[in-house]
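S.K.: Requesting a structural model of the entry that follows:
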Amino acid sequence: MSEAFAVVGAGVMGRGIALAVALSGAKVTLVSRRGQKGYVGFLDFCKKEREKKRISISESNLMSHVGWSESLSQGVKDANIVIETLEENEDIKLELFKKLGKLCPKNVVLSSNTSSLSINDLSRVTESPERVIGLHFFNPAHVMRLVEVVPCDETSSETVQKAFTFVHNLVKEPVIVKDSPGFLVNRVLFTMINEALYCLMDGLADAGTIDKAMELGANLPMGPLKLVDYIGADVCLDILRNIYMKTGNDKYLPCPILEKLAKKGYLGRKAGKGIYDFSVK
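M.R.: As a prediction, the model looks like this:
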């Protein structure tokens, strides 16, 4: 790819998407308020992926494809597509899209990796909703092949085509999904995750048994409670809250266990403790 891209946010998803772009041979700027610290975190993440033998790209090659910026205006100035990966907070994302709408020329595609918020709502603050689209990657973004492409009501066919070309060039599979709370995969996935948490709360079985049963009985690669720890209890809580608030459907009402985990800071792998204790070998 000869185009340049910008990823706003250097968290788990931002790092993974930036790596996916670099692996495709394109140039990408990682924009983070943490500046160089965010970039160092990205390089550390890639080092661990090399150690796991999930990637083979050298650090020098990586650095030639991935730049960084602490300044939003500088970071997105040369981008053809901007991918937002900030925390799942509507106010924060709306504020960013207001800024992007003013900073980026109207031929630049503005996309969000949101997993539960409305693309229509994000588009309305930009004054050019025809170039706004959802690009929902899955974690780990450089490994998982699916990307949900979510047009808003005003998204142009040209923007959809640019999004499809971008995803295909990452050697991933795009699927068009209607703009609705949680889109497609998370509507199904988080119903299962929430029910597994309620099974744990109701004492049907312990966490290990629930995960083993779902792995062996439903052929899942990872049990739903392990997945909570992998995603993060705080992220799971935000996603379920957003879907519940938008749909009003009780099946998305977050299990109280998630509230307790988030309040205690037991966020899963990233915190060393969640439903499972990762300090115990």
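S.K.: Next one: Gly11 from Tyr198, what distance?
M.R.: 28 Å (CB to CB, to the nearest Å). Where C-beta positions appear, they are placed from N, C-alpha and C, glycine not excepted.
S.K.: so where's the stretch 151-281 of the chain shaky on pLDDT?
M.R.: 280-281 (pLDDT under 70).
S.K.: those strands in it, which residues are they?
M.R.: 173-176 (DSSP state E, counting those that start in this stretch).
S.K.: now Ala207, nearest residue through space, not along the chain?
M.R.: Leu225 (4.7 Å; CB to CB, 6 or more residues apart in numbering).
S.K.: before we move on, what about Ala271?
M.R.: Ala271's closest residue in space is Gly265 (CB to CB, 6+ apart), at 5.9 Å.
S.K.: hang on, the one you found packs against Gly272?
M.R.: No: look at Gly265 against Gly272 with CB atoms under 8 Å: they stay out of range, at 9.8 Å.
S.K.: Surely the residue nearest to Ala207 and Leu200 touch.
M.R.: Yes: with contact defined as CB under 8 Å, Leu225 counts as touching Leu200 (6.6 Å).
S.K.: which one of these two has more residues nearby?
M.R.: Leu225 (24 against 21; other CB atoms under 10 Å).
S.K.: and the more buried one, what does it touch?
M.R.: Taking CB atoms under 8 Å, 6 or more residues apart in numbering as the criterion, Leu225 is in contact with 196-197, 200, 207, 210-211, 275-276.
S.K.: Tell me the one among these nearest to Asp121.
M.R.: Leu197 (27.9 Å; CB to CB).
S.K.: what residue ranges in the stretch 1-150 of the chain score low on pLDDT?
M.R.: Those would be 1-2, if you go by pLDDT under 70 across the stretch 1-150 of the chain.
S.K.: all helices in it, in order from the N-terminus.
M.R.: 12-23, 36-51, 59-65, 72-76, 90-103, 119-123 (DSSP state H, counting those that start in this stretch).
S.K.: Of those helices, which stretch is the most buried?
M.R.: Each of these was scored by mean neighbour count; the highest is helix 12-23, a mean of 25, by mean count of other CB atoms under 10 Å.
S.K.: relative orientation of that helix and helix 36-51 in degrees?
M.R.: Between helix 12-23 and helix 36-51, the angle comes out at 70 degrees (axes from the mean of the first three to the mean of the last three CA atoms, to 10 degrees).
S.K.: helices and strands around helix 12-23, which ones?
M.R.: Helices and strands touching helix 12-23, by 3 or more CB pairs under 8 Å, 6 or more residues apart in numbering; DSSP states H and E, are strand 4-8, strand 27-31, helix 36-51, helix 59-65, strand 66-69, strand 132-137.
S.K.: need these in TSV with distance to Thr114, can you?
M.R.: What follows is those, written out as TSV (distance: least, CB to CB, whole Å):
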stretch	distance to Thr114
strand 4-8	12
strand 27-31	17
helix 36-51	20
helix 59-65	25
strand 66-69	22
strand 132-137	6
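S.K.: which stretch among those comes nearest Thr159?
M.R.: Nearest to Thr159, of those and by CB to CB, is strand 132-137 at 5.4 Å.
S.K.: I appreciate the help and will end here.
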